[in-house]
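Peer 1: Next come a sequence and a model predicted from it.
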Protein chains: 2
Amino acid sequence: MRVLAMLDGTLADPDGLHIRVDDLGLTRGDGIFETILVVDGKPRELGPHLDRLERSARMLELPTPDRAAFERCAQVVIDAWTGPDEMALKIVYTRGPEFGDGTPTGYAMGVPIAEKVLRNRVAGVRAITLDRGFEPSIVASTPWLLLGAKSLSYAVNMAALRWAESHDAEEAIFVATDGSILEGPTSNVVVADGRTLRTPPPALGILRGTTQGALFRAAERAGWATKVEPLRLADLTSADGVFLASSVRKITRVRMVDGRPLPEAAELHAELSALYESEYA
Amino acid sequence: MRVLAMLDGTLADPDGLHIRVDDLGLTRGDGIFETILVVDGKPRELGPHLDRLERSARMLELPTPDRAAFERCAQVVIDAWTGPDEMALKIVYTRGPEFGDGTPTGYAMGVPIAEKVLRNRVAGVRAITLDRGFEPSIVASTPWLLLGAKSLSYAVNMAALRWAESHDAEEAIFVATDGSILEGPTSNVVVADGRTLRTPPPALGILRGTTQGALFRAAERAGWATKVEPLRLADLTSADGVFLASSVRKITRVRMVDGRPLPEAAELHAELSALYESEYA
């Protein structure tokens, strides 16, 4: 089952044709998106997702997204959903047709969580680290590189996942040329040591994690320490547990990095998952 | 005037809706393209463009584009064109709908050359150099970064052009972190010194230029030396002339780099333009 609503709030056929061939989101990857987890009709972290959409829009110099319209449009999809309890709600916002009147394109689409993602939530994943090719020191001075924007130009992220899948892994973890751990192609990295959770800082040119943020809030309330600080490969291999956090993955265990087994961390995983879920109880 | 043909060869309304919201070209920038100059009904460098489309497809692990179908589809657009003598013919090829049957999306669209591009051909352009953020030494070992593929994930290229336009320039020239000159966001850099033309090598992670290639062929026939070798900023500022080559730009003069005037090079520009045109006489 899939449900589609256009930004004006009208439901539309998800298999239908709704986009022009000159939409700059298509021809130039010139647009942004968010993927929101909806459980039992309740969107998780909708506010932080829409905040991030606005940040991405600023980075791409897109017109400010109409927040109320996206909220309405998301709700239309949620109200029409009769599928599984969990839905991935993708919102997309592009610069619109190149030869149009300048109106951006926007829509929200709900789809079931992919089988593969559900399997990985339970079984954990093997990850390989991949050089992302840049030095974090350049991020602040190169805004045109859009590092940290969630743009539609995700061909590299998709290529990294294909690379992982063809090299005995389910996930990739990007690493900067100075060895700093960055993020997954569509997830954030969280490392647990004792009662401390760590994740790399957005200033490295990565996305601010919405799921990671929720986990950290819950963990702080439960007495954990949380740190947003640079991590290196050695921090992954020496950790009590390494996790990939994303809306659809929730908190997924990393069982292996670059062929090297990590601690099983099943109890830790259960504890962190419970913490994350407690945010929505 | 605009003309659209889908990959099956049927003409379609260029203002119509022909693309699904889950097309991976749109949601992930997961596709490739080429822009071909057509003059008086004759496509220029169609073979090299289709060769490059195939190279890009290999880099993105897309199904091999159906060359005959793209040739046919391009011809349908050309035959239906009743606009100006020159047309920009864009061909697009994506991984297709995420929730589809796996069929890629393909089409060709003819549009007039943008006024701005025509003006710049005559007046020349001011360019600014922008750090592209990577070291050329990584290119060979990081295929997942898709450096040198002409993918639809062009948000950075568009951001670079916006950056240039908001900083008293019409064009950007990407530079690697080691100072190597790379390419424009949608053009190749050509430098002239005496009777020698130089352009940076594709191994730096940049596109093989189709227009630059045509110019070099013509120049070689006319007795010029041509070199494909790394260039540095000093090579631009000391040159007899610096040019941006692309299908729609043809051979456009760079009059200024980072606010520094370059030689006027009007005669040189006329000579190189004539050489380029001689390929199609």
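Peer 2: All right, it came through fine.

Peer 1: Let's verify the residue in the stretch 51-200 of chain A positioned nearest to chain B: helix, strand, or coil?
Peer 2: Nearest residue of the stretch 51-200 of chain A to chain B: A:S153, at 3.4 Å (Cβ to the nearest Cβ). For the C-beta atoms, the positions are set from N, CA and C on the backbone; glycine is no exception. Three-state assignment for A:S153 (DSSP: H, G, I helix; E, B strand; the rest coil): coil.

Peer 1: burial measure for it, as a count.
Peer 2: 28 (other Cβ atoms under 10 Å in any protein chain shown).

Peer 1: I'd like to know how many residues surround the nearest residue to A:D85 once chain neighbours are set aside.
Peer 2: The shortest distance from A:D85 to any non-neighbouring residue, by Cβ to Cβ, 6 or more residues apart in numbering or on different chains, is to A:D40 (5.4 Å). Neighbourhood size, A:D40 [other Cβ under 10 Å]: 8.

Peer 1: can you check A:G16 too?
Peer 2: 11.

Peer 1: contacting residues for it?
Peer 2: Contact analysis of A:G16 by Cβ atoms under 8 Å, 6 or more residues apart in numbering or on different chains lists A:L4, B:R20.

Peer 1: Could you measure from the closest residue to A:R67 other than its chain neighbours over to chain B?
Peer 2: Counting by Cβ to Cβ, 6+ apart, A:L50 is the residue found nearest to A:R67 once chain neighbours are left out, at 5.5 Å. Noted for A:L50: a distance of 18 Å to chain B, by Cβ to the nearest Cβ, to the nearest Å.

Peer 1: Confirm that A:L50 sits in a strand.
Peer 2: No - counting by three-state DSSP, A:L50 is not found in a strand; it is helix.

Peer 1: Model confidence for the residue nearest to A:D85, exactly?
Peer 2: Looking at A:D40, its pLDDT is 98.

Peer 1: again, but for A:L24
Peer 2: If you check A:L24, the pLDDT there is 98.

Peer 1: if I look at it, how far off is A:V76?
Peer 2: For A:L24, the distance to A:V76 (Cβ to Cβ, to the nearest Å) stands at 25 Å.

Peer 1: neighbour count winner among those two?
Peer 2: The neighbour comparison of A:L24 against A:V76 (other Cβ under 10 Å) goes to A:L24, with 23 against 20.

Peer 1: that older thread, burial count for the residue nearest to A:R67?
Peer 2: For A:L50, the neighbour count with other Cβ under 10 Å is 20.

Peer 1: what's it in contact with, if anything?
Peer 2: Counting by Cβ under 8 Å, 6+ apart, A:L50 makes contact with A:E34, A:P65, A:R67, A:F70, A:E71.

Peer 1: Tell me if the fourth one really is in a helix.
Peer 2: Yep, that's A:F70 we're talking about. Yes - judged by three-state DSSP, A:F70 forms part of a helix.

Peer 1: from what I can see it touches A:L53, true?
Peer 2: Yes - counting by Cβ atoms under 8 Å, A:L53 is a contact partner of A:F70 at 7.2 Å.

Peer 1: what sits in contact with each of the two?
Peer 2: Residues touching both A:F70 and A:L53 (Cβ under 8 Å, 6+ apart): A:I91, A:Y93.

Peer 1: Looks like the residue of the stretch 51-200 of chain A closest to chain B contacts B:G31 (just checking).
Peer 2: No - with contact defined as Cβ under 8 Å, A:S153 and B:G31 do not form a contacting pair (11.1 Å).

Peer 1: okay, and the common contacts of those two?
Peer 2: Counting by Cβ under 8 Å, 6+ apart, the common neighbours of A:S153 and B:G31 are B:S151, B:L152.

Peer 1: Up against chain B, what does the stretch 151-281 of chain A have?
Peer 2: Residues of the stretch 151-281 of chain A lying near chain B by Cβ under 8 Å from any Cβ of the partner chain: A:151-160, A:162-163, A:172, A:177.

Peer 1: Which members of the residues you listed are the farthest-apart pair?
Peer 2: The most widely separated members of those are A:L152 and A:T177, with 25.2 Å between them, by Cβ to Cβ.

Peer 1: Using the three-state scheme, assign A:R208.
Peer 2: Going by three-state DSSP: A:R208 is coil.

Peer 1: Can you name the residues that contact the closest residue to it other than its chain neighbours?
Peer 2: Distance criterion Cβ to Cβ, 6+ apart; nearest residue to A:R208, sequence neighbours excluded, is A:P202 at 4.7 Å. By Cβ under 8 Å, 6+ apart, the residues touching A:P202 are A:G148, A:R208, A:V228.

Peer 1: Name the SS class of A:V248, please.
Peer 2: coil.

Peer 1: and if you look at A:H269?
Peer 2: Under three-state DSSP, A:H269 comes out as helix.

Peer 1: Any idea how many residues pack against it?
Peer 2: Residues contacting A:H269 under the criterion other Cβ under 10 Å number 19.

Peer 1: Excluding residues flanking it in the chain, which one is nearest it?
Peer 2: In space, A:H269 is closest to A:R253, 4.8 Å off (Cβ to Cβ, 6+ apart).

Peer 1: Can you tell me what sits against the host helix or strand of the one you found?
Peer 2: Element membership for A:R253 (DSSP states H and E) is strand A:250-257. Contact with strand A:250-257 is made by A:37, A:120-121, A:123-129, A:169, A:171, A:173, A:187, A:190, A:211, A:215, A:233, A:236-237, A:241-246, A:261-262, A:264-266, A:269, A:272-273, A:276, as judged by Cβ under 8 Å, 6+ apart.
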